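Visitor: Just a sequence and a predicted model for now, questions to come.
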Amino acid sequence: MENKWVVFDMDGTLWDAVDLIVESWNASLKKHPELSIVIEKKALESLLGQPMDAFARALFPGVPFEEAMALLEECEQLENSWCRERGANLYPKEEETFRKLIEDGWKLGIVSNCQSGYIEAFLDHYGFGKYFFDKLCYGDNGLSKGGNIRLLLERNHAEYGCYLGDTDGDRMACKEAGVPFYWAAYGFGKVTGEKTVNRLEDLPEMLIGS
């Protein structure tokens, strides 16, 4: 097979940016003292992997939905800027893993439920763009994660594709897309009964023969 793909989730799979996101969002919300909203880390972590409209509803209760989405977009813009400038916490041997996968004949992609510009901030800060052939997110087109996994693989005429993510939502997205799911056990979520990747660097060996 010459056109086989590994598609990655972002948060809890390629990096941990929770602390930076909380800090940047609260910095943005300080411009709206009348709302008296402070984002707590646990609240944000509980929403990771969900589409951004779920964040708006959960984190800005009592704010009309359109206003909440506008407020969320303002937070996201600052978040993207800080991520691009400062980066976040990578998992061990990340770049080495990308190189090994490519040497083994894999093409790499990213699909996330994040806003537009977030994946690009990650790639730009670390110079990882050279390793990834394609990317899609909820902010690009409003599609579900499963829909975007399927779209990315279809538009690249993939002969085979699999997905590495850390939450049960990622598992369900793979079911929707009809692709194998690998669970990043080092991330944020708990998923049982799936192919378990305890360290990112273990992935190339696990994919041998796929």
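Guide: That came through fine. Residues are numbered from 1 along each chain as shown.

Visitor: Okay, now the unreliable bits of this protein?
Guide: Judged against pLDDT under 70, the chain has no low-scoring part.

Visitor: the strands in it, which residues?
Guide: 4-8, 15-16, 89-90, 106-112, 132-137, 160-165, 181-184, 195-197 (DSSP state E).

Visitor: for these, which one sits closest to residue 53?
Guide: strand 132-137 (13.4 Å; Cβ to Cβ). Placement of C-beta: from N, CA and C, glycine included.

Visitor: Okay, buried residues for the closest one please.
Guide: Neighbour-count burial for strand 132-137, counted by 16 or more other Cβ atoms under 10 Å, picks out 132, 134-137.

Visitor: closest to residue 200 among those residues?
Guide: Nearest to residue 200, judged by Cβ to Cβ, of those is residue 132 at 14.8 Å.

Visitor: contacting residues for that closest one?
Guide: When contacts are counted by Cβ atoms under 8 Å, 6 or more residues apart in numbering, residue 132 touches 108-110, 123.

Visitor: about what we covered before: Serialize the strands of the chain to CSV and add fields for distance to residue 119.
Guide: Output for these, formatted as CSV (distance: least, Cβ to Cβ, whole Å):
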stretch, distance to residue 119
strand 4-8, 10
strand 15-16, 11
strand 89-90, 14
strand 106-112, 5
strand 132-137, 5
strand 160-165, 14
strand 181-184, 16
strand 195-197, 20
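
Visitor: residues contacting the residue of the chain positioned farthest from its centre?
Guide: In terms of distance from the mean C-alpha position of the chain, residue 34 ranks first, at 31.5 Å (Cα atoms, centre = their mean). If a contact means Cβ under 8 Å, 6+ apart, then residue 34 has no contacts.

Visitor: so which of the strands of the chain gets nearest residue 208?
Guide: Among the strands of the chain, the nearest to residue 208 by Cβ to Cβ is strand 106-112 (10.8 Å).

Visitor: relative to strand 160-165, how tilted is the closest one?
Guide: Strand 106-112 and strand 160-165 are oriented at 50 degrees to each other (axes from the mean of the first three to the mean of the last three Cα atoms, to 10 degrees).

Visitor: how is this structure carved up into domains?
Guide: By the assignment in automatic domain parsing, the chain contains the domains 4-16+89-206, 18-86.

Visitor: most neighbours per residue, which of the ones you listed?
Guide: Among those, ranked by average contacts under mean count of other Cβ atoms under 10 Å, first place goes to domain 4-16+89-206 (a mean of 19).

Visitor: what about it, how long is it end to end?
Guide: 14 Å (Cα to Cα, to the nearest Å).

Visitor: Check stretch 134-147 too.
Guide: Using Cα to Cα, the end-to-end distance of stretch 134-147 comes to 15 Å.

Visitor: do stretch 97-111 as well
Guide: End-to-end span of stretch 97-111 (Cα to Cα): 18 Å.

Visitor: Quick check: the farthest pair among the buried residues of strand 132-137?
Guide: Across the buried residues of strand 132-137, the longest distance by Cβ to Cβ is 12.7 Å; it joins 132 and 137.
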